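Chemist: Structure here, sequence nowhere to be found:
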């Protein structure tokens, strides 16, 4: 242990490796996850008085919180509209409940500000609150340095215990108990809602593919269309097909609208299946694929940047742009943040969404410019990243006094806000400020893990005394602060907001920012439909919940 104490970098990465190993342990549907595992290991190692410089913690927390805001920014601002108000209400319920319960428990049991903040962070299963609360405690004027260190250690210890019980509660309550309370089979209800959203078309399982895909390509021998121009042929078929290639003898010709077809030409046509069948009656008999003429279907990822496109359903998007049908292009996937949504007719497209388009290359190229920009996220724009974190750090230094209560966003709150703004601004025109999702997620996860490890190492010596003093209270608080807001949201969402039951269950997991919960829900549902509710509340709560840390610290520390 002396080697680890003398070389804090060894302690830091030992906490990460062992913590993520502990986090993989599964008991039924429950896994602790790497962050909670890292904190447990760090607390244990920290009892041997191993610590890391506080500057390391600050730097990595800034990286984490900015990346979090950057990823959530496009959807956060997209959800600030009238249609999302009912989901916004669920986030407000979460916010008011957890703040009120944490404040009430603190006053009833005379808790110090660190323990109360740890209960808030752990029971809300929101790791970012650990950082914002810890930072806010460090700015309290009436505390000595030893008290600040002690209370910051209490944040980590209380968070660990409450997080464990809060995590178990939210996973079991949303995935197992809520469907029983709502008297539904979650898998059946999700499938029925998906079919309704798809206009009655049955959905496919994850391992299934269409036996008769809607968009196909076929090659025909010209025997009936002798002398017809390609433009006239496509117009006569209602522009539901596209001629992608013409082979005359050994030459492959450009299929321009003015090109006249002659007997024995080989014509490749792409379009909807029903239109292709009709095309065969107009052109001639179908032939096998012809070398040199076969045009493969291309795949392109397009980021939604156009204002006219944002807020449209996929069905409306396809109606607004006839090129989808005419050119045989269709949407196969919608990626929002790191969540894949069903590409159903009723799925609403928001700015920042990444659509996967499949079809003939010429049709794809015509469509891309009308709905967005081709995603180019190959390298990180460090100028944009650095400017965002600097701006956030400066914003966090501003202190506003409400009466005698000093309120400050701190580095965490400031970087969260600039992350939201920079991510949103980038999503409008994705030609600058690149921060690839893989890189952003890596920095987000690594930043939080290092911050949690540093916090746990510092808190180690205070952990056991706190557990002896408040051991029974912490599990109770962790369970109560999940059940109360989730139950209130369930009643309000069902009775007053009229949210569809699968979406409501997903939204309640999102208001708690619980990725393990939505993972368990989608496994039970055998569908990604609950994600449609989850993504809205998750984006909103990711911004709102971290701000509760400084608010609680400011009120209790006044």
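Modeler: Cool, got the structure. Predicted model, so just to flag it, every value in this text is computed and none were measured.

Chemist: Flag every buried residue along the helix or strand that contains residue 244.
Modeler: Here residue 244 is covered by strand 241-248, with elements defined by DSSP states H and E. Buried residues in strand 241-248, counted by 16 or more other Cβ atoms under 10 Å: 241, 242, 243, 244, 245, 246, 247. Placement of C-beta: from N, CA and C, glycine included.

Chemist: which ones are touching the first one?
Modeler: Going back to what we said before, that points to residue 241. The neighbourhood of residue 241, defined by Cβ atoms under 8 Å, 6 or more residues apart in numbering, consists of 234, 269, 270, 271, 272, 275, 276, 279, 326, 328.

Chemist: What about those residues, which one has the most neighbours?
Modeler: Neighbour counts for these were taken using other Cβ atoms under 10 Å; the highest belongs to residue 271, with 31 neighbours.

Chemist: Which helix or strand contains that one?
Modeler: Using DSSP H and E, residue 271 sits in strand 266-272.

Chemist: Okay, angle between that strand and strand 241-248 too, please.
Modeler: Note on geometry: by axes from the mean of the first three to the mean of the last three Cα atoms, to 10 degrees, strand 266-272 and strand 241-248 are set 170 degrees apart in direction.

Chemist: any idea which helix or strand comes after strand 266-272?
Modeler: Of the helices and strands lying after strand 266-272 in sequence (DSSP H and E), the nearest is helix 273-283.

Chemist: what does that next one rub up against?
Modeler: Outside of helix 273-283, the residues that reach it under the criterion Cβ under 8 Å, 6+ apart are 212-218, 220-225, 233, 236-238, 240-241, 261, 267, 269, 271, 286.

Chemist: quick revisit: wait, which of the buried residues of strand 241-248 is closest to residue 303?
Modeler: Checking the buried residues of strand 241-248 against residue 303 with Cβ to Cβ, the nearest one is residue 242 at 24.6 Å.

Chemist: The closest one contacts residue 267, correct?
Modeler: No. Using Cβ atoms under 8 Å, residue 242 and residue 267 do not qualify as a contacting pair, with a distance of 10.9 Å.

Chemist: Output the contacts of residue 241 in a markdown table; the columns should cover pLDDT.
Modeler: Listed next are these as a markdown table, based on pLDDT from 0 to 100:
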| residue | pLDDT |
| --- | --- |
| 234 | 85 |
| 269 | 86 |
| 270 | 79 |
| 271 | 75 |
| 272 | 71 |
| 275 | 81 |
| 276 | 85 |
| 279 | 89 |
| 326 | 63 |
| 328 | 63 |
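
Chemist: Show me what counts as buried in the longest helix seen in the chain.
Modeler: Using DSSP state H to assign secondary structure, the helix with the most residues in the chain is helix 437-470. Neighbour-count burial for helix 437-470 flags 440, 443-445, 447-463, 466, 470 (criterion: 16+ other Cβ under 10 Å).

Chemist: Dihedrals phi and psi, residue 230?
Modeler: Residue 230 adopts backbone torsions of phi -60, psi -40, taken as degrees, to the nearest 10.

Chemist: per-residue confidence at it?
Modeler: We have a pLDDT of 91 for residue 230.

Chemist: How about the one 10 residues further on?
Modeler: The predicted local distance difference test score for residue 240 is 72.

Chemist: Could you verify my assumption that it touches residue 270?
Modeler: No. Contact status for residue 240 versus residue 270: not in contact, 10.5 Å apart, counting by Cβ under 8 Å.

Chemist: quick one: least confident helix or strand in this structure?
Modeler: Per-element confidence for the chain was summarised using mean pLDDT, DSSP states H and E. The lowest value among helices and strands belongs to strand 405-408, with a mean of 59.

Chemist: which element follows it toward the C-terminus?
Modeler: Elements were assigned by DSSP H and E; along the chain past strand 405-408, the next helix or strand is helix 410-428.

Chemist: circling back to that earlier point, what is the nearest of the buried residues of strand 241-248 to residue 312?
Modeler: residue 242 (23.2 Å).

Chemist: beta partners of the closest one?
Modeler: Listed beta-bridge partners, residue 242: residue 270 (assigned using DSSP bridges).

Chemist: can you give me the strands for the stretch 101-250 of the chain?
Modeler: If DSSP state E, counting those that start in this stretch is used as the criterion, the strands of the stretch 101-250 of the chain fall at 215-221, 241-248.

Chemist: just to revisit the earlier point, what is the longest helix of the chain packed up against?
Modeler: Contacting helix 437-470 under the criterion 3 or more Cβ pairs under 8 Å, 6 or more residues apart in numbering; DSSP states H and E are the following elements: helix 8-23, helix 34-46, helix 54-78, helix 128-137, helix 145-172.

Chemist: The same query, at a cut-off of 6 Å, please.
Modeler: Of the remaining helices and strands, those touching helix 437-470 by 3 or more Cβ pairs under 6 Å, 6 or more residues apart in numbering; DSSP states H and E are helix 8-23, helix 34-46, helix 54-78, helix 145-172.

Chemist: Quick one: work out the angle between the helix or strand following that helix and helix 145-172.
Modeler: Along the chain past helix 437-470, the next helix or strand (assigned with DSSP H and E) turns out to be helix 473-495. Between the axes of helix 473-495 and helix 145-172, defined by the same axes, to 10 degrees, the angle is 50 degrees.

Chemist: Return the distance of helix 473-495 from the chain's centre.
Modeler: 23 Å (Cα atoms, centre = their mean, to the nearest Å).

Chemist: Then stretch 370-386?
Modeler: Here stretch 370-386 is found 18 Å from its chain centre; the criterion is Cα atoms, centre = their mean.

Chemist: what about that stretch, average pLDDT?
Modeler: Per-residue pLDDT values over stretch 370-386 give a mean of 81.

Chemist: Equivalent analysis for stretch 334-351, please.
Modeler: Computed over stretch 334-351, the mean pLDDT rounds to 75.

Chemist: Kindly check the end-to-end length of it for me.
Modeler: Across its full length, stretch 334-351 reaches 12 Å between end residues, using Cα to Cα, to the nearest Å.

Chemist: Show me which positions of that stretch end up buried.
Modeler: When burial is assessed from 16+ other Cβ under 10 Å, stretch 334-351 yields the following buried residues: 334-337, 339, 341-351.

Chemist: which of the residues you listed lies closest to residue 309?
Modeler: Distances from residue 309 to the buried residues of stretch 334-351, taken by Cβ to Cβ, are shortest for residue 349, at 6.3 Å.

Chemist: burial of residue 107, as a residue count?
Modeler: Residues lying near residue 107 (other Cβ under 10 Å) number 11.

Chemist: meant to ask about residue 91, not that
Modeler: One way to gauge burial is a neighbour count; for residue 91, by other Cβ under 10 Å, it gives 28.

Chemist: Please look at it and residue 537 and confirm they touch.
Modeler: Yes. The pair residue 91 and residue 537 passes the contact test of Cβ atoms under 6 Å, sitting 5.5 Å apart.

Chemist: what sits in contact with each of these two?
Modeler: Here residue 91 and residue 537 have residue 511 as joint contacts, going by Cβ atoms under 6 Å, 6 or more residues apart in numbering.

Chemist: Where does pLDDT dip in the stretch 51-200 of the chain?
Modeler: Scanning the stretch 51-200 of the chain for pLDDT under 70 picks out the ranges 75-76, 78-80, 83, 124-127, 197-200.

Chemist: so what's the nearest residue to residue 5 once chain neighbours are set aside scoring on pLDDT?
Modeler: Here the nearest residue to residue 5 in space, its sequence neighbours aside, is residue 50; by Cβ to Cβ, 6 or more residues apart in numbering that works out to 5.0 Å. At residue 50, the predicted lDDT confidence score is 82.

Chemist: secondary structure class for residue 50?
Modeler: Recorded secondary structure, residue 50: coil (DSSP: H, G, I helix; E, B strand; the rest coil).

Chemist: swap in residue 373?
Modeler: On the three-state scheme (three-state DSSP), residue 373 is labelled strand.

Chemist: Would you mind naming the residues that bridge with it?
Modeler: Where residue 373 sits in a bridge, its partners, by DSSP bridges, are residue 303.
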